[in-house]
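> Sharing a sequence plus its predicted fold:
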Amino acid sequence: VQLVESGGGSVQAGGSLRLSCAVSGFIFSDYAMSWYRQTPGKERELVAGLSKIGTATTYADSVRGRFTISRDNAKNTVYLQMNSLKPEDTAVYFCKAISIGNSVYWGQGTQVTVSS
């Protein structure tokens, strides 16, 4: 099983980034997908979540209206489009897969740094 995030980097406030999480080793369409983020000394927090077929989404209040989660089941990939980035969005971003049977897999994380 592999979840590989990419697309992180450094950007100025107001800018955009698109994160990708490519998965392998399990049936992608059987899993709901989420993005989490974590800063030093804090717990990992949910940023956005998406159902197996992409019809239901959830967002943290802090990112709603700025971030969009989506998935391409043909490419086994989940995305996080991040617009109007703020310095407080700086964190390591992780993707998470969870099945209906509660099998859970995490990626290794990708750093996002937003400067003011």
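Thanks, I have it.
> Find the centremost residue of the protein, please.
Centroid-nearest residue in the chain: W35, 2.8 Å away (criterion: Cα atoms, centre = their mean).
> Please list all residues in contact with that one.
By Cβ atoms under 8 Å, 6 or more residues apart in numbering, W35 lies in contact with 19, 21, 46-49, 69, 78, 80, 93-96. Heads up, the C-betas are built off the backbone N, CA and C, glycines and all.
> Swap in 10 Å and give it another go.
Applying Cβ atoms under 10 Å, 6 or more residues apart in numbering to W35 gives the contacts 5, 19, 21, 46-50, 59-60, 63, 67, 69, 78-80, 82, 93-96, 107.
> Among the residues you listed, which lie within helices?
Among the contacts of W35, DSSP state H puts none in helices.
> just to revisit the earlier point, which helix or strand contains the residue nearest to the centre of the chain?
Taking DSSP states H and E as the definition, one finds W35 inside strand 31-38.
> buried stuff in that strand?
If you call a residue buried by 16 or more other Cβ atoms under 10 Å, then strand 31-38 has these buried ones: Y31, A32, M33, S34, W35, Y36, R37.
> could you measure the fourth one against S20, distance?
Read that as S34. 14 Å (Cβ to Cβ, to the nearest Å).
> what do you get for the last one?
Relative to S20, R37 is positioned 15 Å away (criterion: Cβ to Cβ).
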